[in-house]
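J.: build me a model:
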Amino acid sequence: MAENSNRFQLGQAVDCQEVDVANKKEAYVMTDSQVKVTISPDGMGTEGTDVENISRETEKNKVFRESAEIQVVQTFESLDAAAQAITDFEESTTSNFIVLEKQKNFGNEGFRPSSKVSIHWHGPQVRNVCLLEYTGVPFIIAGRKVLCCHLGQDLCLPQKKRYIQATDQKKTADHGYIKSRKIIQSTKKMDCPAKIYVYHIIRYPDFQITRNTAWHKRMVSKKMNQEITKDNKVLHSYVVQFPKLSEHGNHPIAGELQVKRFWYHVRTQPVRRIYGPLQNLRNVFQRHTRPLILHGYWDNKTQS
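T.: Numbers count the residues shown, from 1 in each chain. Predicted structure coming up:
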């Protein structure tokens, strides 16, 4: 191989067959940052795409990667805005989250708390991150909603175990004929720990304090518990904590499958180069001999 075989120029198509094992990592870095390599439809070669669009897309992915590793906490004034932000987050990270937990009064803006409700001045703290800092305005938590990755924990394991036990008992009983099939993977769940936390916050600006002392907080909280059942001015908001991209576990994320498929084509391309023409020759032979077999050509030859 030539000395510059592992050096790629901007806009140059890369021949996967000339990339040896020692330079695969470098080849991937170059193709990801400069040239977007795709397998041609016939599976025999590679071709480059528009360099200008690729550079713009690469820069966008780089910014997204850097921002995805930041613990993002956002506050929204309505539940619809929070739901739209979660949808946008799923689309941008190519992920999917499902509801794991939802408390009773979450999203109920007509909620009337009792006099025994807990008054907060900061917090809550989730995964060592304080969602709301001290502003002098007291608030209560109306409810919480937790969304987990769709490849998270399997919550139906007890039901599955009971079903398996009941099926085994029916098989061992008399005249127990139950159709069964071999299940290689009983669930898609991969115990992914990634979660989205949404808190419904109700603020009371009429009870705002100007001095951050324990005595002022205690006195205002006591007064607030006595008057919280009355008609007070309230402000509803929803605080959302998004997970980092690295918090996903036990499954590929954000285009890792495309990278694995790319290297699968790179490793198997020499095999396809050798056996591809043989496969085409086999198809041509079958196409020309099938009419002879259907019309009994070989039978006539055998009888004669």
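
J.: isn't F106 up against I141?
T.: No - F106 is beyond contact range of I141, at 9.5 Å (criterion: CB atoms under 8 Å). C-beta here means a position set from N, CA and C on the backbone, and glycine is covered the same way.

J.: so what's in contact with those two at the same time?
T.: H200 (CB atoms under 8 Å, 6 or more residues apart in numbering).

J.: E133 - that's part of a strand, no?
T.: No - counting by DSSP: H, G, I helix; E, B strand; the rest coil, E133 is located in no strand; its state is coil.

J.: contacting residues for it?
T.: E133 neighbours (CB under 8 Å, 6+ apart): H122.

J.: swap the cut-off to 10 Å and go again
T.: Applying CB atoms under 10 Å, 6 or more residues apart in numbering, we find E133 in contact with W121, H122, G123.

J.: just H288 next, same as before
T.: For H288, no residue meets the contact criterion (CB under 10 Å, 6+ apart).

J.: considering the contacts of E133, which possesses the most neighbours?
T.: W121 (18 neighbours; other CB atoms under 10 Å).

J.: which of the helices or strands spans E91?
T.: Per DSSP states H and E: E91 is located in helix 79-93.

J.: what's that helix packed up against?
T.: Contact here means 3 or more CB pairs under 10 Å, 6 or more residues apart in numbering; DSSP states H and E; on that basis helix 79-93 packs against helix 51-68, strand 72-76, strand 97-102, strand 139-149, strand 195-203, strand 235-242.

J.: the residue nearest to S186 when sequence neighbours are not counted: neighbour count?
T.: With CB to CB, 6 or more residues apart in numbering as the criterion, S186 has its nearest non-adjacent residue at 6.8 Å, and that residue is K160. Around K160 there are 12 other residues, counting by other CB under 10 Å.

J.: give me the pLDDT for K160.
T.: What the model reports as pLDDT for K160 is 87.

J.: same question for the one 3 residues further on.
T.: Y163 is assigned a pLDDT of 87 by the prediction.

J.: ok, it touching I178?
T.: No - between Y163 and I178 there is no contact under CB atoms under 10 Å: 11.8 Å.

J.: which stretches of the chain have low pLDDT?
T.: Within the chain, the stretches with pLDDT under 70 are 1-71, 254-279, 292-304.

J.: show me the domain layout of it.
T.: 1-68, 71-154+185-247 (automatic domain parsing).

J.: now do the contacts for the residue nearest to C130 when sequence neighbours are not counted.
T.: The shortest distance from C130 to any residue other than its chain neighbours is 5.9 Å, reached at G123 (CB to CB, 6+ apart). Each residue near G123 by CB under 10 Å, 6+ apart is listed here: C130, L131, L132, E133, Y134, F139, I141, Y199.

J.: repeat that for V198.
T.: Per CB under 10 Å, 6+ apart, neighbours of V198: 76, 79, 82-83, 85-86, 102, 106-107, 143-147, 238-242.

J.: hmm, which of those are the buried ones?
T.: Among these, those scoring as buried are 76, 79, 82, 85-86, 106-107, 143-147, 238-242 (criterion: 16 or more other CB atoms under 10 Å).

J.: over to R218. Which of the three states is it?
T.: Going by three-state DSSP: R218 is helix.

J.: ok, how many other residues are close to it?
T.: Neighbours of R218 (other CB under 10 Å): 11.

J.: that one and N225, how far apart?
T.: 11 Å (CB to CB, to the nearest Å).

J.: again with W215
T.: 16 Å.

J.: what does R127 give?
T.: 30 Å.

J.: more crowded one of those two?
T.: More neighbours surround N225 than the other of R127 and N225, with 16 against 12 (other CB under 10 Å).

J.: what helix or strand does the more buried one sit in?
T.: Counting by DSSP H and E, N225 is found in helix 214-227.

J.: buried set for that helix?
T.: Buried residues in helix 214-227 (16+ other CB under 10 Å): K217, V220, S221, M224, N225.

J.: wait, is the residue nearest to S186 part of a helix?
T.: Yes - applying three-state DSSP, one finds K160 inside a helix.

J.: and it, what does it touch?
T.: D154, S186, T187.

J.: make JSON lines out of these and add secondary structure.
T.: Shown next, in JSON lines, are the contacts of K160 (three-state DSSP):
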{"residue": "D154", "secondary structure": "coil"}
{"residue": "S186", "secondary structure": "coil"}
{"residue": "T187", "secondary structure": "coil"}
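
J.: so which of the residues you listed is the most crowded?
T.: Counting neighbours by other CB under 10 Å, D154 leads these with 13 neighbours.
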